[in-house]
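**Q** sequence below, structure please.
(2 chains)
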Amino acid sequence: MQDGDAVFAGFMINAWATATIVAIVAGVVGYFVVLRGAAFPAHAIPKGAFAGAACASLLGISTLIGLAVFSLLGALAIGTLGRRGRQDVATALALVLMLALGAAFLSLTTQYEPEIYSLLFGQILGVSALGAICIAAIAILYRPLMLSSVVPEIAEANGIRGYRIEIAFLIVVALATTMTVPVTGALLIFSLMIGPPAAARSVTSRPVLAMVLSVAIALVTVWAAIAASYLVNWPIGFFVGTLAALSYGIGRGWATWRRTHTGTRPAAALPRQPATDHA
Amino acid sequence: MHQLSMAVFEPGFFASPQVHVAASIGAVVAIVSAVTGVFTVMRGQSFAGHALGDVSAAGGSGALLIGLTPLAGFVGLGIAGAGVMDAIGVQRLRGRDLATGIVLGAAIGLSALFLYLGTTSGSATGATQQILFGSIFTATAGEVTAVAILGALALASLAAIARPLLLATLSPDIAAARGAPVRLTGLLFMLALAVSVGLSALAIGALLSTALLIGPAAAALRVTKTVPGALATACLTGVAATWLGILLAYDSYYWGPGHHSLPVSFFIVAIVFATYLAAGLLAGRSARRQEAVPAAAAAGRDRIAA
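**A** So this is what the prediction gives:
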């Protein structure tokens, strides 16, 4: 580890490859997370799915199965409860319920919390397969998802059921966020799903361009974070979190600068529902 | 009667000083959270209410690192986070979720750094779990006083801005037309929310903090028609859920053969969640019964309760 080449040696290659896959998935899925205002579910589902890991360790089965089952249950709970009430309330309550179950499971096991996840580090093949599924799902859902996110009324008129799209999208988010939990931690992908897509959206309003840009920013963020973490020896999560927020700040600054200097409307003002500010 | 009470309250429940402290701190936090929560749910800021718990927990670990009291860190970083959320645009419907997400992402990163620096410098290892789940049973009597004072402060500032805040929440257009300080009340609300959430996250853990902020308020808004009614119902529900949860957690020690008690947070959250579902059923039934209610009134109520 003394020589500079070690950044690319052995286990570090794993880190680079995993982070690259995570950044691509986060950049694409995150675009829709930001567009649909689904940041809360994107935070809540992987965090709550920890209960699944605790439950699995209690039952002595694979942690990955526990995570998968609980993240799907979380997505369904948020979608179903959110249909009858407010979605943010539904998300908060589903999250605390899952965490409380996790606390109960944890109190019944003798295992120390971080060890529940520790079995799984380095499962790079699994991550790339799941990442590919997420990207494929977004590609298939692209048109109805885009319509129902931007102009829900027109989508309904075209026979696209908002509720079904919502559930399908939440399941994609659950897959994308939770399956990376054992490899990178729940927190890293959340930051990547919000900052880079939001930055991209404040630069351009064209969806595909914004997605490409968002993936590019996410990639730069993780690569810079790994390098910085290697140099300073601080956790990667810190650099990803701050760099992602910073990229959004730069994007906003860029949009403001362009508005004042060229007089064009900011790209971020793509209206979802006009005149509902402050509601 | 005596036997019944013996069966419900396992031996030593009323004599335990831990139970006294837990019950009083729980009640204070439940009331402050319920009142703040009614406004939070009405304004659709549940995500911010939850995220500020994580933000202030990051402040708590940062404060420990530089030798400040955790309370200063919790409330300090919570207020800073609320300020940034407001600056990014937490008040606009479209940007709200994003503003919270950006701040939360950065705070989680900070938290990772503080915990890393904290563990490498050799202090507490179980810190994550303690901050997330907290424990109402480990609170001290001194904390009760601090929490009560700051809680009263948060409630007083909410009371001071209650009228313009309600107007800005229910009909922002009218509020803007009348020249009410919509932006300022929104900011003040975020600051009060940060203090309230920071306090409860410190006292009872981030998990219960969110549960008591959102659950009782959302349940109350489903079954009541007026704001004072919702506030009173939310407070009662919150305190009842907290006390019942403490009782059940205490009793659970005697349930199984293993003498292993379940966490208090589990019981409180289960009760809160069941109450929310029950309130939904109740509201659904009464809505069906009064189908003749004028559409306008119903729409107005839905806007509050939804």
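**Q** isn't residue A:77 up against residue A:90?
**A** Yes. Judged on CB atoms under 8 Å, residue A:77 makes contact with residue A:90 at a distance of 7.5 Å. No exception for glycine: its C-beta is placed from N, CA and C like everyone else's.
**Q** out of those two, which sits in the more crowded spot?
**A** residue A:90 (25 against 22; other CB atoms under 10 Å in any protein chain shown).
**Q** what about the more buried one, distance to residue A:223?
**A** The spacing between residue A:90 and residue A:223, counted by CB to CB, to the nearest Å, is 36 Å.
**Q** tell me how many other residues crowd residue 49.
**A** I went with chain A, as the question did not name one. There are 28 residues near residue A:49, going by other CB under 10 Å.
**Q** hmm, I had chain B in mind actually
**A** Residue B:49 is flanked by 28 other residues according to other CB under 10 Å.
**Q** repeat for residue A:60
**A** Neighbour tally, residue A:60, other CB under 10 Å: 7.
**Q** residue A:174: which element?
**A** Assessed by DSSP states H and E, residue A:174 sits inside helix A:162-178.
**Q** helices and strands around that helix, which ones?
**A** Here helix A:162-178 touches helix A:11-36, helix A:39-48, helix A:63-84, helix A:124-150, helix A:152-157, helix A:186-203, going by 3 or more CB pairs under 8 Å, 6 or more residues apart in numbering or on different chains; DSSP states H and E.
**Q** mind putting the ones you listed in CSV, mean pLDDT and distance to chain B included?
**A** As requested, the helices and strands packed on helix A:162-178 are exported to CSV (pLDDT from 0 to 100; distance: least, CB to the nearest CB, whole Å):
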stretch, mean pLDDT, distance to chain B
helix A:11-36, 86, 6
helix A:39-48, 90, 3
helix A:63-84, 88, 6
helix A:124-150, 85, 12
helix A:152-157, 83, 14
helix A:186-203, 88, 4
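**Q** quick one: residue A:207 and residue A:146 touch, right?
**A** Yes. Shown here, residue A:207 and residue A:146 form a contact pair, counting by CB under 8 Å, at 6.5 Å.
**Q** closest residue of chain B to chain A?
**A** residue B:109 (1.9 Å; CB to the nearest CB).
**Q** could you find the closest non-adjacent residue to that residue?
**A** residue A:241 (1.9 Å; CB to CB, 6 or more residues apart in numbering or on different chains).
**Q** over to residue B:276?
**A** Residue B:276 sits nearest to residue B:219 (CB to CB, 6+ apart), 4.5 Å away.
**Q** how many neighbours does that neighbour have?
**A** Neighbours of residue B:219 using other CB under 10 Å come to 32.
**Q** got it, and the one 10 residues further on?
**A** A count of nearby residues for residue B:229, using other CB under 10 Å, gives 13.
**Q** cool, residue B:150 as well?
**A** 21.
**Q** residue contacts, it?
**A** B:71, B:75, B:195, B:199 (CB atoms under 8 Å, 6 or more residues apart in numbering or on different chains).
**Q** what of residue B:69?
**A** By CB under 8 Å, 6+ apart, the neighbours of residue B:69 are residue B:63.
**Q** make it 10 Å
**A** The contact partners of residue B:69, by CB atoms under 10 Å, 6 or more residues apart in numbering or on different chains, come to B:60, B:63, B:75, B:146, B:202.
**Q** right, and the third one touches residue B:193 too?
**A** No. With contacts defined as CB atoms under 10 Å, residue B:75 does not count as touching residue B:193, sitting 11.7 Å away.
**Q** mutual contacts of the two, please.
**A** In contact with both residue B:75 and residue B:193: residue B:154, using CB under 10 Å, 6+ apart.
**Q** which of the helices or strands spans the residue in chain A positioned nearest to chain B?
**A** Going by CB to the nearest CB, chain B is nearest to residue A:241 of chain A, at 1.9 Å. Under the criterion of DSSP H and E, residue A:241 resides in helix A:236-262.
**Q** give me the buried positions along that helix.
**A** A:236-249, A:251-252, A:255, A:258 (16 or more other CB atoms under 10 Å in any protein chain shown).
**Q** any idea how many residues pack against residue B:211?
**A** Residue B:211 has 34 nearby residues by other CB under 10 Å.
**Q** mind listing what it touches?
**A** A:92-93, A:95-97, A:99-100, B:33, B:37, B:50, B:200, B:204-205, B:238, B:241-242, B:245, B:265, B:268-273.
**Q** need the pLDDT of the closest residue to it other than its chain neighbours.
**A** Nearest residue to residue B:211, sequence neighbours excluded (CB to CB, 6+ apart): residue A:96, at 4.2 Å. At residue A:96, the predicted lDDT confidence score is 93.
**Q** repeat for residue A:209
**A** 94.
**Q** with residue B:116 as the reference, measure out to it.
**A** In terms of CB to CB, residue A:209 sits 37 Å off from residue B:116.
**Q** so which of these two has more stuff around it?
**A** residue B:116 (16 against 13).
**Q** with adjacent residues omitted, what lies nearest to the more buried one?
**A** residue A:235 (4.7 Å).
**Q** and the contacts of residue B:150 near chain A, which?
**A** Filtering the contacts of residue B:150 for proximity to chain A by CB under 10 Å from any CB of the partner chain leaves nothing.
**Q** find the pair from those residues with maximum spatial separation.
**A** B:71 and B:195 (10.8 Å; CB to CB).
**Q** please identify which of the two sits among more neighbours.
**A** residue B:195 (25 against 20).
**Q** tell me which element that one falls in.
**A** Going by DSSP H and E, residue B:195 is in helix B:182-204.
**Q** the residue nearest to residue B:116 reaches residue B:118, doesn't it?
**A** No. Between residue A:235 and residue B:118 there is no contact under CB under 10 Å: 11.6 Å.
**Q** which one's more surrounded, those two?
**A** residue A:235 (22 against 17).
**Q** contacting residues for the more buried one?
**A** Counting by CB under 10 Å, 6+ apart, residue A:235 has contacts A:185, A:187-188, A:225, A:229, A:241, B:109, B:111-117.
**Q** so which of those comes closest to residue B:161?
**A** Closest to residue B:161, out of all of the contacts of residue A:235 and judged by CB to CB, is residue B:111, at 30.2 Å.
**Q** next, count neighbours for the closest one.
**A** 26.
**Q** wait, residue A:25 touches residue A:129, no?
**A** No. Applying CB under 10 Å, one finds residue A:25 not in contact with residue A:129, separated by 11.4 Å.
**Q** so what sits against both of these two?
**A** residue A:179.
**Q** who has more neighbours, the two?
**A** Counting neighbours by other CB under 10 Å for residue A:25 and for residue A:129 shows that residue A:25 has the greater number, 30 against 13.
**Q** not counting its neighbours along the chain, what's nearest residue A:59?
**A** residue A:66 (7.8 Å).
**Q** and residue A:60, its phi and psi?
**A** phi 80, psi 20 (degrees, to the nearest 10).
**Q** check contacts around it.
**A** Residue A:60 neighbours (CB under 10 Å, 6+ apart): residue A:109.
**Q** swap in 6 Å and give it another go.
**A** By CB atoms under 6 Å, 6 or more residues apart in numbering or on different chains, the contact list for residue A:60 is empty.
**Q** how near is it to residue A:109?
**A** With CB to CB as the criterion, residue A:60 and residue A:109 are 10 Å apart.
**Q** before we move on, back to that, which SS class is the residue nearest to residue B:276?
**A** helix (DSSP: H, G, I helix; E, B strand; the rest coil).
**Q** buried set for the longest helix along chain B?
**A** Ranked by residue count, the top helix of chain B under DSSP state H comes out as helix B:141-170. Residues of helix B:141-170 classed as buried by neighbour count (16+ other CB under 10 Å): B:143-144, B:146-148, B:150-151, B:154-155, B:157-158, B:161-162, B:164-170.
**Q** good, wrapping up.
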